[in-house]
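Novice: Okay, sequence plus prediction incoming.
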Amino acid sequence: MHRLLLAALLFLCTPPALTAQAGSQAGAQATSLRAEIEAVNRGMEAAFAKGDLLGVARFYADDAVLMGPDGERVRGRAEIDRYWTGIRNPRRWTLEALDVGGSATEAYQLGRSSLVQLSDGKERTSVTDFIVIWKRRPGGEWRIAVDMWPGSAP
């Protein structure tokens with residue numbers, strides 16, 4: 001109880017400038033995190049645009065899980081590689097970060113994916129919202145641990 005009162009007293013006596021500084025630091029960290037995740041998204045889009053679908057798969061952790069509509073699950077390096085290299089006639093892919101949050105080691109992204117493929121001589125666009133859980137590897141790079149999407153919009 002004594003510690004709780006001491007903590008409350010310290011909080012009440014903290015100058016507003018220090019509280020504002022802590023808030024601005026948190027805001028800067030959130031901005032930096034968002035920029036990092038968006039930069040990784042651009043890398044994924046670039047690999048896709050080059051037709052390097054195995055390169056796209058490499059943005060996933062070796063033990064990642066993809067969860068799609070109707071209970072579809074893809075788990076582990078071999079299945080992730082097979083999933084991405086199974087996409088036929090890739091054209092363009094756009095990833096939009098609607099919300100990003102988390103910490104320096106784990107982050108989430110709520111986003112929208114627009115993937116364009118050529119089918120029967122015509123471009124077909126598949127748009128879906130998604131949730132991704134990112135984990136930072138010891139070397140500093142972000143990898144997807146969980147990728148979930150409900151399905152494509154009409």
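Specialist: Structure received.
Novice: quick one: Gly151 and Leu110, what's the gap?
Specialist: Plainly put, Gly151 is 16 Å away from Leu110 if you go by Cβ to Cβ, to the nearest Å. All C-beta atoms are positioned from the backbone trio N, CA, C, and that covers glycine.
Novice: ditto for Gly121
Specialist: Gly121 is 34 Å from Leu110, by Cβ to Cβ.
Novice: between those two, who's got more neighbours?
Specialist: Ranked by neighbour count (other Cβ atoms under 10 Å), Gly121 and Leu110 place Leu110 first, with 14 against 6.
Novice: name the element that one belongs to?
Specialist: Leu110 is located in strand 106-119, with elements delineated by DSSP states H and E.
Novice: buried ones in the particular helix or strand that has Ala64 in it?
Specialist: Assigned by DSSP H and E, Ala64 falls within strand 60-67. Within strand 60-67, the residues scored as buried using 16 or more other Cβ atoms under 10 Å are Tyr60, Ala61, Ala64, Val65, Leu66, Met67.
Novice: For the second one, give me its contacts.
Specialist: In this structure, Ala61 makes contact with Lys135, Arg137, Arg143, Ile144, Ala145, judged by Cβ atoms under 8 Å, 6 or more residues apart in numbering.
Novice: cool, the third one as well?
Specialist: For Ala64, the residues meeting the contact criterion (Cβ under 8 Å, 6+ apart) are Arg75, Gly76, Ile80, Arg143, Ile144, Ala145, Val146, Asp147.
Novice: same thing but at 6 Å, please
Specialist: By Cβ atoms under 6 Å, 6 or more residues apart in numbering, the contact list for Ala64 reads Ile144, Ala145.
Novice: Please report the distance of it from Ile133.
Specialist: In terms of Cβ to Cβ, Ala64 sits 9 Å off from Ile133.
Novice: Likewise for the first one?
Specialist: For Tyr60, the distance to Ile133 under the criterion Cβ to Cβ works out to 11 Å.
Novice: quick revisit: who are the packing partners of the strand holding Leu110?
Specialist: Here strand 106-119 touches helix 16-49, strand 90-102, strand 122-136, going by 3 or more Cβ pairs under 6 Å, 6 or more residues apart in numbering; DSSP states H and E.
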